[in-house]
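Chemist: pasting the sequence and the predicted model now:
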Amino acid sequence: ASHGSLIYPEIVFVVVGDLYVGKTSLINRFCKDNFDRDYKATIGVDFEIERFEISGIPYNLQIWDTAGQEKFKCIASAYYRGAEVIITVFDLADIQTLDHTKQWLEDALRENEPDSSFIFLVGTKKDLSDAVCERTELDAIRFANEMQAEYWSVSAKTGENVKEFFSRVAALAFEQS
Ligand code: GDP
Ligand code: MG
C-alpha cells in the first residue's frame, strides 16, 4: 500500500569546513533554535534530520555535520557521496578558513557526479561584525562565483539569516528533485 506512508522524501545536505567555524552551531540554530557558546568538538560525523515543508509537501532534511579535522577527513568523505547540497562554511572573522574552503569543496565534489550537487558558501559569525574585514566578504563572493555557488552570511548566535538560508537551500534542492 502506498498511501499513508510515513517515509518522507529526503534531501541530503553535507556541511563542511574548518574546525571551529560554526558548522554545528549553524545546524543547531536551524534544527533546535538554540545556541551554545561553549565549544563541543564534533567527532567524526554527526547528523540531524529535520522535517521541513516545501510547497506543502513534507520532506526530511538529512543534514550531515562533519568534524573539520584532518584526522577525520577520510571518514567524512564517505558521507559526501550522494550529497544533493554541499554547504561549505567559513568564519567571517578568520580569512584563513575561507582560504581552506577551496580544499573542502574539492574533497566533497570529488565524491559526487559532476554538477549533481548544489553548492553554498556560508560565512558565519556575522554578529562579530567588528572583526569582519570587508575584503573577506569580497573574496568570498568572488570565490562563490567561481564555483557557481551561492554566497550567504549568517549568525548562529543571533539567528540572522539562518532560517532564510535553509529555506533557500531546501527550495533549490526540491526544484531539482
Ligand atoms: P564547528 O567546529 O565548525 O562545528 O564549530 P562550532 O559550531 O562548534 O562553533 C565553534 C565556536 O564558535 C563555539 O564556541 C560557538 O559558540 C562559536 N560560534 C559558532 N557560531 C557563532 C556565531 O554565529 N557567532 C558567534 N559569536 N560565535 C559563534
Ligand atoms: Mg562541529
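Modeler: Received the coordinates, thanks. Numbering: from 1, shown residues only. Ligands and ions are numbered 1, 2, ... in the order given.
Chemist: got a list of what the residue nearest to the spatial centre of the chain touches?
Modeler: Central residue check for the chain by Cα atoms, centre = their mean: the C-alpha nearest the mean position is that of I87, 3.1 Å away. By Cβ atoms under 8 Å, 6 or more residues apart in numbering, the contact set of I87 is F13, V14, V15, V16, F120, V122, V169. Yep, even glycine has a C-beta here, placed from its N, CA and C like the rest.
Chemist: gap between it and I7?
Modeler: Separation of I87 from I7 (Cβ to Cβ, to the nearest Å): 24 Å.
Chemist: helix or strand for I87, which one?
Modeler: Using DSSP states H and E, I87 falls within strand 85-91.
Chemist: low-confidence ranges, the protein, go.
Modeler: Residues of the chain that meet the criterion pLDDT under 70 lie in 1-6, 177.
Chemist: pull the most distant pair out of the contacts of I87.
Modeler: Between any two of these, the greatest separation by Cβ to Cβ is 14.1 Å, found for V16 and V169.
Chemist: neighbour count for these two, which is higher?
Modeler: A direct count of neighbours by other Cβ atoms under 10 Å for V16 and V169 places V16 higher, at 28 against 24.
Chemist: pretty sure the more buried one sits in a strand.
Modeler: Yes: checked against DSSP: H, G, I helix; E, B strand; the rest coil, V16 lies within a strand.
Chemist: now it. Nearest residue, chain neighbours left out?
Modeler: Among residues not flanking V16 along the chain, W104 sits closest, at 4.3 Å (Cβ to Cβ, 6 or more residues apart in numbering).
Chemist: what packs against the helix or strand containing the one you found?
Modeler: Here W104 sits within helix 95-110, counting by DSSP H and E. Packing partners of helix 95-110 (3 or more Cβ pairs under 8 Å, 6 or more residues apart in numbering; DSSP states H and E): strand 10-17, helix 73-80, strand 85-91, strand 118-124, helix 134-146.
Chemist: now the angle from that helix to helix 73-80?
Modeler: Here helix 95-110 points in a direction 60 degrees away from that of helix 73-80 (axes from the mean of the first three to the mean of the last three Cα atoms, to 10 degrees).
Chemist: kindly report the residues of this protein close to ligand 1.
Modeler: Contact residues, the chain versus ligand 1 (Cβ under 6 Å from any ligand atom): 19-25, 36-37, 39, 42, 68, 124-125, 127-128, 155-157.
Chemist: list buried residues within those residues.
Modeler: Among the residues of the chain next to ligand 1, the ones that count as buried by 16 or more other Cβ atoms under 10 Å are 19, 21-25, 42, 68, 124-125, 127, 155-157.
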